[in-house]
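Undergrad: this one's sequence-less:
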């Protein structure tokens, strides 16, 4: 009985440690790349005070002129409040799902999971995290997806204010606008991201080396950075149209936005009819530039934090 209690306690402690590492890693990555995230979201929503598609330089100048230098980090506070629980959940649950699938498939601990199982673990982790933290994602989208024109008041002030105002003016269910494409997109996005990392680790396996004490040395953090960056680029590129639709659905009904859609497919049909297929890819170049360092930092930081925290277990 004592052994079972100790095992349960150790499992709970390890899960908490992994969640903390995942949350902190996500916060580091998001803060470092928030300006690129802002450019991407303004390109997607079209709420940048100008007609047509805007370049990164034009968006940068508009933000600086209207909101000042700190405008590049508008929505970052909401981002961090959302990212910590989201990344804590996605990284920790991915590890849990991988361990579960490893047991089911009887894959030895010293072997990589197959590509489909890595995809499945990542996909389930993404859906779990998205379901738990969606209202925070919507609030972040409304803050970052609009440009404050100089002289006007900002539509939303902070994540708590955004959640309260949205629920008060549009009803509680408005906090889940765009949830369908978000949850549906989380499965392939996280699946492709973690699946690509797993595939790369299988293609380029780590050669076992030993230190002076005979212990197996762990792979370099740089390796994880590279694999994570490539995984993020692949996931972001393939799922980008879905991300654009969810951002447009999140903004409808919000202050200063006139577009109205009855749902996911209505939004897709109307946007395609008015602008063509290219509208779904506005900001994709910025997103690719953003995803490489963002995901690389996520995976690298998570691996580093896990190794450092292991010493205190």
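TA: Now that the structure is in, tell me what you want to look at. Given the structure is predicted, the values throughout are model-derived calculations rather than measurements.

Undergrad: for the stretch 51-200 of the chain, which segments count as strands?
TA: Read by DSSP state E, counting those that start in this stretch, the stretch 51-200 of the chain holds no strands at all.

Undergrad: where along it do the helices fall?
TA: 56-67, 76-105, 115-144, 158-170, 179-203 (DSSP state H, counting those that start in this stretch).

Undergrad: for the stretch 201-313 of the chain, what spans make up the helices?
TA: 221-251, 264-275, 284-310.

Undergrad: other SSEs contacting the last one?
TA: Counting contacts by 3 or more CB pairs under 8 Å, 6 or more residues apart in numbering; DSSP states H and E, the secondary-structure elements packed against helix 284-310 are helix 2-45, helix 221-251. Bear in mind the C-beta positions are built from the backbone N, C-alpha and C, glycine included.

Undergrad: highest mean neighbour count out of those helices?
TA: Most buried of the helices and strands packed on helix 284-310 by mean neighbour count (mean count of other CB atoms under 10 Å) is helix 221-251; its value is a mean of 22.

Undergrad: which one of the helices of the stretch 201-313 of the chain lies nearest to residue 93?
TA: helix 284-310 (13.0 Å; CB to CB).

Undergrad: pLDDT of that closest one, averaged?
TA: Taken as a whole, helix 284-310 has an average pLDDT of 89.

Undergrad: go through it and flag the buried ones.
TA: Across helix 284-310, burial judged by 16 or more other CB atoms under 10 Å covers 284, 286-306.

Undergrad: the inter-axis angle of that helix versus helix 76-105?
TA: 70 degrees (axes from the mean of the first three to the mean of the last three CA atoms, to 10 degrees).

Undergrad: what is the burial count for residue 200?
TA: For residue 200, the tally of surrounding residues (other CB atoms under 10 Å) stands at 18.

Undergrad: tell me the spacing between it and residue 229.
TA: 10 Å (CB to CB, to the nearest Å).

Undergrad: same check, this time on residue 242
TA: The gap separating residue 242 from residue 229 is 21 Å, by CB to CB.

Undergrad: and residue 63, by the same measure?
TA: Where residue 229 is concerned, residue 63 sits at a distance of 25 Å (CB to CB).

Undergrad: same deal with residue 15?
TA: Look at residue 15 and residue 229: by CB to CB, they are 27 Å apart.

Undergrad: again with residue 302
TA: 13 Å.

Undergrad: now residue 271
TA: 30 Å.

Undergrad: comparing the helices and strands packed on helix 284-310, which yields the minimum mean pLDDT?
TA: helix 2-45 (a mean of 80).

Undergrad: coming back round to it: nearest to residue 23, of the helices of the stretch 201-313 of the chain?
TA: helix 284-310 (9.6 Å).

Undergrad: roughly how far out does the closest one sit from the chain middle?
TA: Distance, stretch centre to chain centre, for helix 284-310: 11 Å (CA atoms, centre = their mean, to the nearest Å).

Undergrad: mind listing what residue 25 touches?
TA: 87, 91, 297-302, 305 (CB atoms under 8 Å, 6 or more residues apart in numbering).

Undergrad: repeat the analysis, applying 10 Å as the threshold.
TA: By CB atoms under 10 Å, 6 or more residues apart in numbering, the contact set of residue 25 is 83-84, 87-88, 91, 228, 297-306.

Undergrad: residue 19 now?
TA: Contacts of residue 19 by CB under 10 Å, 6+ apart are 84-85, 87-93, 95.

Undergrad: those into CSV, with extra columns for neighbour count?
TA: Shown next, in CSV, are those (neighbours: other CB atoms under 10 Å):
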residue, neighbour count
84, 21
85, 17
87, 26
88, 25
89, 22
90, 30
91, 25
92, 24
93, 24
95, 19
